[in-house]
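In: quick one: sequence and predicted model below, then my questions.
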Amino acid sequence: MDKPEIYIESKGKTYKPAVLEGVRWETFRSQPARLIFKVYNDNYSGGTGIDFSEGDRVLFKYGDSDVFSGFVFTKSRGADQIITVTAYDRLRYFLNKDSYFYTGKTASAFIRMLAADFSLPLGEIEETWASVSRVEDNVTLLDMVLNALDATKAITGEEYAFYDNLGYLTLKNVKRMKLDTLVCDRSAGDFLYTSSIDKDTYNKVKIMYSSQRTGKEIVSVTGDAENQRKWGVLQYFKKVRDMGDYSGLAEEILSGHNRVSRSLEVKNVLGSIKARAGCLVPVSLILGDINAEGYFRIDEAKHIFSENSHLMDLRLRGGFFE
């Protein structure tokens, strides 16, 4: 009988509290994973139960499998003395902001450098091979990594997932993260298919280069006149420093965003602890005007665990939904 189990390490002790129903484990492509659970504060009524603080380590197991390893960041409680705990994995420390300038460095090497600078343990870091040069000013470490991986994809066409695997920073090519759990009408309780030009869609791109050497500003503009007539002008604007060859940046951004944005969410899918952001999952769904067939990348995976019950909601991208 599979059931959720929480272990909390605090002040040299390991607690295994009774966990209320509905443990949530959530993974994202562009955020740290988090675990949300509830325990009863029996110390309040004079008990000798758990005593833990922010920063303490948390391990979540389901059945015989380790699912999540992280640290307590938030505790909240009401009059019922039920403590709601939010724990994050080590990618939470990649939300620190900093500034870095680097040239001719692979995304893999850049991740190793950041991990060393912030004393974070590394797991498997797959080589990305492509050389990237960037100036990152007052940006989160996670955004720096995602920028490096986006630049790598533009060069090689390869896509990588960066995540915390039970306490160790990990980088894998998504081709090595294929699952065999089919998402279909029988396994999913519901779905939400959305098409939009409201977010992340641009048909005009304007890049301004500020040259520290000459003191001049150079503007690069590209656009799609046909889509501007259809949707109106949706402009992306960015100022960048004079570093490297930015001649194709505007065209690169336009090619990736000059389209209708489509998203697919499937809800109440039979759960698999292997399903996390970055994985590829096979999908076969009839959506109405189109069908979703083939492998899709998981951008968000939200799992809910109860005793003998594990369901998940997945936000998917891929194929028609890129």
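Out: Looks like it came in fine. Numbering: from 1, shown residues only.
In: for residue 26, the count of nearby residues, please.
Out: The local packing of residue 26 (other Cβ atoms under 10 Å) involves 20 other residues. Just so you know, the C-beta spots here come from the backbone N, C-alpha and C atoms, and that holds for glycine as well.
In: ok, now how distant is the residue lying closest to it once chain neighbours are set aside from residue 271?
Out: Excluding the flanking residues, the one nearest residue 26 by Cβ to Cβ, 6 or more residues apart in numbering is residue 302, at 4.7 Å. Remark: distance between residue 302 and residue 271 (Cβ to Cβ, to the nearest Å) = 10 Å.
In: related to what we said a few turns ago, remind me what the helix or strand encompassing the residue nearest to residue 26 packs against, helices and strands.
Out: Using DSSP states H and E, residue 302 falls within strand 291-306. Applying 3 or more Cβ pairs under 8 Å, 6 or more residues apart in numbering; DSSP states H and E, one finds that strand 291-306 contacts strand 23-28, strand 280-286, strand 309-317.
In: where along the stretch 1-150 of the chain do the helices fall?
Out: Along the stretch 1-150 of the chain, counting by DSSP state H, counting those that start in this stretch, helices occupy 107-117, 141-156.
In: out of those, which gets nearest to residue 188?
Out: Minimum separation from residue 188 across these (Cβ to Cβ) falls at helix 141-156, 28.3 Å.
In: put the alpha carbons of that closest one into CSV.
Out: The C-alpha trace of helix 141-156 is given here as CSV (Å, rounded to 0.1, in the frame of the first residue of the first chain):
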residue,chain,number,x,y,z
LEU,A,141,21.1,32.4,-11.8
LEU,A,142,18.3,30.3,-13.1
ASP,A,143,17.5,32.8,-15.8
MET,A,144,21.2,32.9,-16.7
VAL,A,145,21.1,29.1,-17.1
LEU,A,146,17.9,29.1,-19.1
ASN,A,147,19.3,31.9,-21.4
ALA,A,148,22.4,29.8,-22.0
LEU,A,149,20.3,26.7,-22.8
ASP,A,150,18.1,28.7,-25.1
ALA,A,151,21.2,30.0,-26.9
THR,A,152,22.5,26.4,-27.1
LYS,A,153,19.2,25.3,-28.6
ALA,A,154,19.4,28.0,-31.3
ILE,A,155,22.9,26.7,-32.3
THR,A,156,22.5,22.9,-32.0
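In: and the angle from it to helix 107-117?
Out: For helix 141-156 against helix 107-117, the angle by axes from the mean of the first three to the mean of the last three Cα atoms, to 10 degrees is 160 degrees.
In: and helix 141-156, what does it pack onto?
Out: Counting by 3+ Cβ pairs under 8 Å, 6+ apart, the packing neighbours recorded for helix 141-156 are strand 97-105, helix 107-117, strand 132-140, strand 160-165.
In: relative to the last one, what are the paired strands and their orientations?
Out: Translated: strand 160-165. Strands that pair with strand 160-165, judged by DSSP bridges, come out as strand 168-173 (antiparallel).
In: following the partner strand, which helix or strand shows up next?
Out: Assigned by DSSP H and E, the successor of strand 168-173 is strand 183-184.
In: work out the gap between that next one and the centre of the chain.
Out: Distance, stretch centre to chain centre, for strand 183-184: 22 Å (Cα atoms, centre = their mean, to the nearest Å).
In: do the same with stretch 228-238
Out: Put simply, stretch 228-238 sits 27 Å off its chain's centre (Cα atoms, centre = their mean).
In: quote the end-to-end distance of that stretch.
Out: 19 Å (Cα to Cα, to the nearest Å).
In: got any residues that touch both of residue 302 and residue 271?
Out: Shared contacts of residue 302 and residue 271, defined by Cβ atoms under 8 Å, 6 or more residues apart in numbering, comprise residue 312.
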